[in-house]
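Novice: What would the 3D arrangement of this be:
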Amino acid sequence: MSTAAVVPETFGLTGDDARETLLTTGRRRLLQDAFVRLRAADGFSHARSLAYVTALLMIQGVIALVGIAAALGDHGLGNAIVRTVRAAAPGPVGRLLTRGVAQASQVGDSGRDLAIILGTIGAIVTATTLMGQIERALNRLYGVERDRPTVQKYGRAFLLALTVGVLATASFVLFAFGQEVGDANGSDTATTVWNIARWPLALALLVAAIALLFRWSPRRRQPAWSWLAYGAGVSVLLWSAVTLGLGLLLRVTGGFGQTYGPLAGIVALLIWAFLSSVAVLYGAAVAAQLEAVRAGTSTPRASTRDEPVDTLPSIEPVSELLV
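Specialist: Residues are numbered from 1 along each chain as shown. The predicted model follows:
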C-alpha cells in the first residue's frame, strides 16, 4: 500500500503555470520532496518489477528484429540494429542484446519465421504488461490505491505500448541512423547542423514518450502537458546519466566481465533496466509533487490518519491556491 499523500486533481485551476510554480517552490526542495514521495509510494519495489519486464521486452524485441533482418537477408539492417541497441544500452548490455544478430544469417527459414512470430507476439504482450505495471506505479505515486478495471487497464496499456513504442523507436532510430541521414544531405554545413541537432531531437522524442506515459497512465485526470514536461525531462536526464555513467563504469572496471563471466550481459541488463526504471518513476514523482504544490498540499507523505481513496474530486479554482 502506498503511503504517498494523495495529489488533488488540479486540471481545473487557471492563472498560473508550471514555470511560476517551479520558481516559487524551488527546484531543490521539489526534488527532495519528490524522492520522499517515491519512497512513500514504494517506488523502488515497483522499479524492480519494471526492470524485469523491461529486460524481457528488450530481449524479445531484438529477437523479432533479428528474425526480420534474417528474413530480408539485409546485412545493413542487421548492422543498424546493432548500432541502435548499442547506442541505447551500455557495454555488456549491448553485446548481449546484439549477439543474435550475427547468428541470424545462420538459421534456416523456419527458424527465422519462428523468431519473427514469437519475438513479435512476446514483445507486444510484454510491452502491454509493462504499461500496466507503469499504471500501477504511477497510481501509487499520486496516492491512488486502485488501478482501473482489468479490461480498461490493459486495453489502455496496449494503446500506450504502441504509441509510446513508436516515439521511443523514432528516438533510437535517430541515434542509429542519424549519421547516415546527415551524410545524405550532401552539404557539409547541413551535415554538421544535422549531426548536432539530431541529439536534442532524439532526447525530445524520449521526453514526449515519457510525458505521454505520465499523461495517460494514472487513474486520474492529469493537468496540462506543461505540468508533466518537467518531470519527463528529469526522467530523460537521469536515464541519460545512468546509461552513460554505467557504460563508462563497465569500461573502466574490466573485472566486471571476469567476475560474472557469461552472465555479465544479463547482470548488466538487469542493473541498467532497474536504474532506468528508477529514473522514470522519479521523474513521475517530480511531476506529482509539482502538482501537489500547486494544489497547496505539498507534504509528500500521507499521515497515518489519512484513509486511502481512489481519486479526489477536482479542485475548483480558488485564488488562494494560486498565490
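Novice: The residue nearest to Ala170 when sequence neighbours are not counted: what's it in contact with?
Specialist: If the residues on either side of it in the chain are set aside, Ala170 comes closest to Leu205, at 5.3 Å by Cβ to Cβ, 6 or more residues apart in numbering. Any C-beta I mention is one placed from the backbone N, CA and C, and that applies to glycine too. Contacts for Leu205 (Cβ atoms under 8 Å, 6 or more residues apart in numbering) come out as Leu167, Ala168, Ala170, Ser171, Leu174.
Novice: so how far is Gly283 from the second one?
Specialist: In this view, Ala168 and Gly283 are 15 Å apart by Cβ to Cβ, to the nearest Å.
Novice: Show me which of those two is the more surrounded one.
Specialist: Each of Ala168 and Gly283 has its neighbours counted (other Cβ atoms under 10 Å); Gly283 has more, 28 against 17.
Novice: List the contacts of that one.
Specialist: Contact analysis of Gly283 by Cβ under 8 Å, 6+ apart lists Ile210, Phe214, Gly231, Ala232, Gly233, Val234, Ser235, Val236, Leu238.
Novice: That one: helix or strand, and which one exactly?
Specialist: Using DSSP states H and E, Gly283 maps to helix 264-295.
Novice: Flag every buried residue along that helix.
Specialist: Of the residues in helix 264-295, those with enough neighbours to count as buried (16 or more other Cβ atoms under 10 Å) are 264-265, 267-295.
Novice: Now for Ala224, how many residues are close by?
Specialist: The local packing of Ala224 (other Cβ under 10 Å) involves 12 other residues.
Novice: From Asp33, how far off is it?
Specialist: Between Ala224 and Asp33 the computed distance is 21 Å (Cβ to Cβ).
Novice: and what of Leu162?
Specialist: 34 Å.
Novice: which one of the two has more residues nearby?
Specialist: Neighbour count, other Cβ under 10 Å: between Leu162 and Asp33, Asp33 has more, with 23 against 13.
Novice: shouldn't the more buried one be in contact with Ser298?
Specialist: Yes. The criterion here is Cβ atoms under 8 Å, and Asp33 meets it with Ser298 at 6.7 Å.
Novice: Overlap of the contact sets of these two?
Specialist: Common neighbours of Asp33 and Ser298 (criterion: Cβ under 8 Å, 6+ apart): Gln289.
Novice: which one of the contacts of Gly283 sits closest to Thr150?
Specialist: Nearest to Thr150 among the contacts of Gly283 is Phe214, at 22.1 Å by Cβ to Cβ.
Novice: Give me the buried positions along the strand or helix carrying the closest one.
Specialist: Assigned by DSSP H and E, Phe214 belongs to helix 188-216. By neighbour count with 16+ other Cβ under 10 Å, helix 188-216 contains the buried residues 191, 194, 198, 202-203, 205-216.
Novice: Next secondary structure after it?
Specialist: helix 225-252.
Novice: which other helices and strands contact that next one?
Specialist: On a contact count with 3 or more Cβ pairs under 8 Å, 6 or more residues apart in numbering; DSSP states H and E, helix 225-252 meets helix 18-25, helix 91-103, helix 188-216, helix 264-295.
Novice: mind listing what's buried in it?
Specialist: Using 16+ other Cβ under 10 Å as the test for burial, helix 225-252 gives 227-236, 238-239, 242-243, 246-247, 250.
Novice: do stretch 142-159 as well
Specialist: Of all the residues in stretch 142-159, those buried under the rule 16+ other Cβ under 10 Å are Tyr142, Gly143, Val144, Glu145, Asp147, Arg148, Lys153, Tyr154, Arg156, Ala157, Phe158.
Novice: same thing with stretch 23-43?
Specialist: By 16+ other Cβ under 10 Å, the buried positions in stretch 23-43 come out as Thr25, Leu30, Asp33, Ala34, Phe35, Val36, Arg37, Leu38, Ala40, Ala41, Asp42, Gly43.
Novice: Tell me the predicted confidence for the fifth one.
Specialist: This means Phe35. Model confidence at Phe35, given as pLDDT, is 96.
Novice: could you give me the average pLDDT of the helix or strand encompassing Gly155?
Specialist: Assigned by DSSP H and E, Gly155 falls within helix 150-183. What helix 150-183 shows for mean pLDDT is 80.
Novice: Show me the shaky parts of the stretch 1-150 of the chain.
Specialist: For the stretch 1-150 of the chain, applying pLDDT under 70 flags the ranges 1-2, 12-18, 66-67, 69-91, 93-112, 115.
Novice: Can you tell me, leaving aside adjacent residues, what's nearest to Pro8?
Specialist: Ala295 (4.3 Å).
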